[in-house]
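**Q** coordinates for the following, if possible.
(chains A and B, ligands or ions: 2)
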Amino acid sequence: MSRIRRDPRAALLAVTVATRPRLRIDRAHRGDGLRADPAPSAIAETPPRRIAIADPAYLVFAVADVPGGTLTRHDRQVLGAARLLDGGNQAAVVLVAPHTDEDVGALGADRTLPGARNVSYDPEGVAAAIAAAIAHHRPRHVLFPESADGGDLARRVAALLDEPLFDSVENLSARVAIRPATARRLEWRAAPSRLMTIAPDMIAPYRGSPHDAAPLDAPVPNPESRCILNAERVAVDAADIPLDEAALVIAAGNGVTDFAGFLELALALGATPGASRVVCDAGHLPRRLQVGASGTVLNADCYVAFGISGAPQHLQGIGQVEHVIAVNTDLHAAMIARAELAIVADAQAIMPALLDALESRR
Amino acid sequence: MKAVVLLSAGRHPNSGAPMPVRAELQAIALGRRLGCIVGGLHAGAADKAIADCLGHGLATIAVLAIGPDDDPIPALAAEIAAIAPDLILAGRRGQGGADTGLLPYRLARACDLPIAADAVAIAREADDTLSVVQSLPRGARRRLSLRTPALVTVHQAAPPERPFVYRERLAGRIDEKPGLCVPAQAIGFENRPYRPRPRLIGDGAAGGSAEQRLRAATETKSVGGTLMIDPDPADAAAAILDYLTAFRARS
Ligand SMILES: Cc1cc2nc3c(=O)[nH]c(=O)nc-3n(C[C@H](O)[C@H](O)[C@H](O)COP(=O)(O)OP(=O)(O)OC[C@H]3O[C@@H](n4cnc5c(N)ncnc54)[C@H](O)[C@@H]3O)c2cc1C
Ligand SMILES: Nc1ncnc2c1ncn2[C@@H]1O[C@H](COP(=O)(O)O)[C@@H](O)[C@H]1O
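**A** Ligands and ions are numbered 1, 2, ... in the order given. Got it, this is the predicted structure:
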């Protein structure tokens, strides 16, 4: 009869998310209980403590693409996935990537292993370097993004090590990893294996306290490959890029009257043109340019809207876009509220001014 | 120039009926555009999915008979060594099996060949070099030079497959011969019906309460950015360009 008695008050406090304006309890809550307690100013003043894992039980490698020195969303999700496998801060997560100036500790990295990638495209050499690092450090798990270059690298490393690859993981916990198979009719569940790739937008990035990203000793050597003789980027016309793949989209709405000027501006900016439904309905621009619920959902980094009111059906198409610029005559348009840079002006005046500014900067 | 297209036993994503994998049919079309003599190669059983590839522009398919639990790599590597093709084409990922996309990489390693992924165009540069255009995300393209013999996987953005011609399907030939049987490395896993899982929207929201997630997905939140009311057009244009140059680097 000596069972430890449960403290009901402590249990309630642990799942209480807020007390004001009303009591809110969330039993799925994974944080440290009550956050909305008094004295928020005192919390805000103390700088977040960095978690240092001096003596890790094992290592988890997170291999990131880091194109142009910045971590992509997908890279951050891979770091978040790596933190799910750390056994409650027992393991150290090692970010294996080219050099970056970002605060990777805040994204969940305990160590960094830089220099694993060189400037020219040499996937074979990079794979050999990563395989050497794996042989040297013996990490328990190695995670890659299932992106074009990340997925290619993961398969090269798996072939080099002659190990199975559990690819496109869509759900991950310390005990089980899940991936689709047989054309998405079945899913495979298994204990997290050594080599895995993480599907995009399925696993959340790390949001906890920052870790202390110290460089790991012994950077990996960079062997040269022999297979790819030469590699170069091919210039593509932005107007030919499919709308859902484009990085920068500029779109015209009902507030635009000069569509020839609009297309000229898109060409000058190197942006892919888009449009609202009203414009496509009227036949000013082709239907395949329509952005929104019944058109294309964008994956762009940046979106520039000229004369678009921002109807919910249109905003659904830009839900993923981080950076939005709006030009509209109506201060109270929803698009103006959504935009990071909002300009209340006539689109017909701004578009030629932009063309002139582009000319003069060239 | 001799080319071999690796064929896998595809399945329809909804019905599970045998069906060729589109990327492999596109690979056949790419090989024929190059002016190669293109043959098919499959390790496993000759089922309808394989035979249907004949109708899309293949004259012959070699099928290496191995058991369902055997590793296709030893059989394929032995056959590749025997025919010594200049170019081996594969899909970037199968459809209906494990679908890991690992087979071409393991085969390239077993045959000691260079491999390039996600081709959308292939051209001959010189006698022993090929130029391969790769598809990258964001609609970008990269051109590589490769020394032949090489293995190249084909992306779905490549030119479309040749249409199915029933007469070609009847005229084509399947050569079945025994393959090298080596049992595959078993990986333990549990099979379940696939369950679609929600995708992350935006850069966060996950981990919050249900209410926070609902709000993040439905509300138009004001991001509190810069607002310029009736600016001089030149100032507005400069502000837009400054903003764009700050964020273009990220793609
Ligand atoms: C089932 C359904 C599906 C839909 N799907 C889509 C979809 O996929 N995509 C889509 O876009 N729409 C869709 N719509 C339509 C949507 O509801 C809106 O009607 C549409 O998006 C409005 O387009 P707009 O903003 O270009 O036009 P308007 O609503 O007419 O807005 C024009 C804006 O331009 C501004 N303006 C006017 N003159 C100027 C000027 N000189 N300079 C600058 N600004 C100016 C105005 O202030 C106004 O804000 C759908 C609707 C339904 C019912
Ligand atoms: N049994 C097989 N025989 C020949 N080629 C195959 C076989 N399985 C897969 N392939 C090739 O390898 C590619 C990737 O397959 P997978 O690794 O199963 O996703 C496929 O598109 C085919 O081109």
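**Q** what about the strands in the stretch 251-362 of chain A?
**A** A:272-275, A:302-306, A:323-328, A:341-344 (DSSP state E, counting those that start in this stretch).
**Q** for B:Gly96, which of the ones you listed is the nearest?
**A** Nearest to B:Gly96 among these is strand A:272-275; the distance by C-beta to C-beta comes to 34.1 Å. In this view, the C-beta of every residue, glycine as well, is placed from N, C-alpha and C.
**Q** okay if I get the strands of the stretch 251-362 of chain A as TSV plus mean pLDDT, distance to ligand 1 and mean neighbour count?
**A** Formatted as TSV, these follow (pLDDT from 0 to 100; distance: least, C-beta to the nearest ligand atom, whole Å; neighbours: other C-beta atoms under 10 Å in any protein chain shown):
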stretch	mean pLDDT	distance to ligand 1	mean neighbour count
strand A:272-275	96	7	28
strand A:302-306	95	7	27
strand A:323-328	94	4	25
strand A:341-344	94	9	23
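**Q** do a quick rundown of the strands in chain B.
**A** B:2-6, B:37-43, B:60-65, B:87-91, B:115-126, B:129-135, B:141-147, B:150-154, B:173-178, B:190-193, B:226-229 (DSSP state E).
**Q** let's have those in JSON lines, adding mean neighbour count and mean pLDDT.
**A** Formatted as JSON lines, the strands of chain B follow (neighbours: other C-beta atoms under 10 Å in any protein chain shown; pLDDT from 0 to 100):
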{"stretch": "strand B:2-6", "mean neighbour count": "24", "mean pLDDT": "96"}
{"stretch": "strand B:37-43", "mean neighbour count": "23", "mean pLDDT": "96"}
{"stretch": "strand B:60-65", "mean neighbour count": "19", "mean pLDDT": "96"}
{"stretch": "strand B:87-91", "mean neighbour count": "28", "mean pLDDT": "97"}
{"stretch": "strand B:115-126", "mean neighbour count": "20", "mean pLDDT": "94"}
{"stretch": "strand B:129-135", "mean neighbour count": "20", "mean pLDDT": "94"}
{"stretch": "strand B:141-147", "mean neighbour count": "19", "mean pLDDT": "92"}
{"stretch": "strand B:150-154", "mean neighbour count": "26", "mean pLDDT": "97"}
{"stretch": "strand B:173-178", "mean neighbour count": "12", "mean pLDDT": "95"}
{"stretch": "strand B:190-193", "mean neighbour count": "10", "mean pLDDT": "94"}
{"stretch": "strand B:226-229", "mean neighbour count": "13", "mean pLDDT": "89"}
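**Q** just send these back as TSV, with distance to chain A too.
**A** Shown next, in TSV, are these (distance: least, C-beta to the nearest C-beta, whole Å):
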stretch	distance to chain A
strand B:2-6	15
strand B:37-43	17
strand B:60-65	20
strand B:87-91	12
strand B:115-126	5
strand B:129-135	6
strand B:141-147	4
strand B:150-154	8
strand B:173-178	23
strand B:190-193	5
strand B:226-229	5
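**Q** measure stretch A:53-70 end to end?
**A** 25 Å (C-alpha to C-alpha, to the nearest Å).
**Q** for stretch B:4-23, what is the distance to the chain centroid?
**A** From the chain centre to the centre of stretch B:4-23 is a distance of 12 Å (C-alpha atoms, centre = their mean, to the nearest Å).
**Q** oops, could you answer that again for stretch A:12-21 instead?
**A** Computed by C-alpha atoms, centre = their mean, the separation of stretch A:12-21 from the middle of its chain amounts to 31 Å.
**Q** restricting to C-alpha, output it in PDB.
**A** C-alpha atoms of stretch A:12-21 as PDB (Å, rounded to 0.1, in the frame of the first residue of the first chain):
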ATOM      1  CA  LEU A  12      -2.700  20.300 -13.300                       C
ATOM      2  CA  LEU A  13       0.000  23.000 -13.300                       C
ATOM      3  CA  ALA A  14       2.100  21.000 -15.800                       C
ATOM      4  CA  VAL A  15      -0.700  21.000 -18.500                       C
ATOM      5  CA  THR A  16      -1.900  24.600 -17.800                       C
ATOM      6  CA  VAL A  17      -0.900  26.800 -20.800                       C
ATOM      7  CA  ALA A  18      -2.400  30.000 -19.600                       C
ATOM      8  CA  THR A  19      -4.400  31.500 -16.800                       C
ATOM      9  CA  ARG A  20      -5.400  34.700 -18.400                       C
ATOM     10  CA  PRO A  21      -7.800  35.800 -19.900                       C
END
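**Q** residue boundaries of the helices in the chain?
**A** Just so you know, I chose chain A. According to DSSP state H, chain A carries its helices in the segments A:8-15, A:40-45, A:73-84, A:123-137, A:148-161, A:259-269, A:277-281, A:312-315, A:334-338, A:347-361.
**Q** was after chain B, sorry
**A** For chain B, the helices defined by DSSP H occupy B:22-33, B:48-52, B:72-83, B:103-111, B:166-171, B:210-218, B:233-248.
**Q** ok, and the closest non-adjacent residue to the residue in the stretch 51-200 of chain B that ligand 2 sits nearest to?
**A** Going by C-beta to the nearest ligand atom, ligand 2 is nearest to B:Gly91 of the stretch 51-200 of chain B, at 2.5 Å. Using C-beta to C-beta, 6 or more residues apart in numbering or on different chains and skipping residues adjacent in sequence, the residue nearest B:Gly91 is B:Ala23, 3.5 Å away.
**Q** that older thread, any idea which of the helices of chain B has the lowest pLDDT on average?
**A** Lowest mean pLDDT within the helices of chain B: helix B:210-218, at a mean of 67.
**Q** how about the residues of the stretch 251-362 of chain A by ligand 1?
**A** The stretch 251-362 of chain A comes close to ligand 1 at residues A:253-255, A:276-279, A:290-295, A:307-309, A:311, A:313-314, A:317, A:327-330, A:333, A:346-348, as judged by C-beta under 6 Å from any ligand atom.
**Q** show me which of those residues are buried.
**A** Buried members of those, counted by 16 or more other C-beta atoms under 10 Å in any protein chain shown: A:253-255, A:276-279, A:290-293, A:295, A:307-309, A:311, A:314, A:317, A:327-328, A:333, A:346-348.
**Q** and the closest residue in space to A:Arg189 that isn't next to it in sequence, what does it touch?
**A** Leaving out its chain neighbours, the residue that sits closest to A:Arg189 by C-beta to C-beta, 6+ apart is B:Glu190, at 4.6 Å. Taking C-beta atoms under 8 Å, 6 or more residues apart in numbering or on different chains as the contact definition, B:Glu190 lies against A:188-190.
**Q** columns neighbour count, distance to A:Arg5 and pLDDT on top of these, output as CSV?
**A** What follows is the contacts of B:Glu190, written out as CSV (neighbours: other C-beta atoms under 10 Å in any protein chain shown; distance: C-beta to C-beta, whole Å; pLDDT from 0 to 100):
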residue, neighbour count, distance to A:Arg5, pLDDT
A:Trp188, 21, 43, 96
A:Arg189, 14, 37, 96
A:Ala190, 17, 39, 96
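**Q** now those residues in CSV, with distance to ligand 2?
**A** CSV is the format used below for the contacts of B:Glu190 (distance: C-beta to the nearest ligand atom, whole Å):
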residue, distance to ligand 2
A:Trp188, 13
A:Arg189, 19
A:Ala190, 17
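**Q** just the ones of those in strands?
**A** Short answer: the contacts of B:Glu190 in strands (DSSP E) are A:188-190.
**Q** might one say that A:Pro273 is in contact with A:Ala266?
**A** Yes: using C-beta atoms under 8 Å, A:Pro273 is in contact with A:Ala266, at 4.2 Å.
**Q** much appreciated, bye for now.
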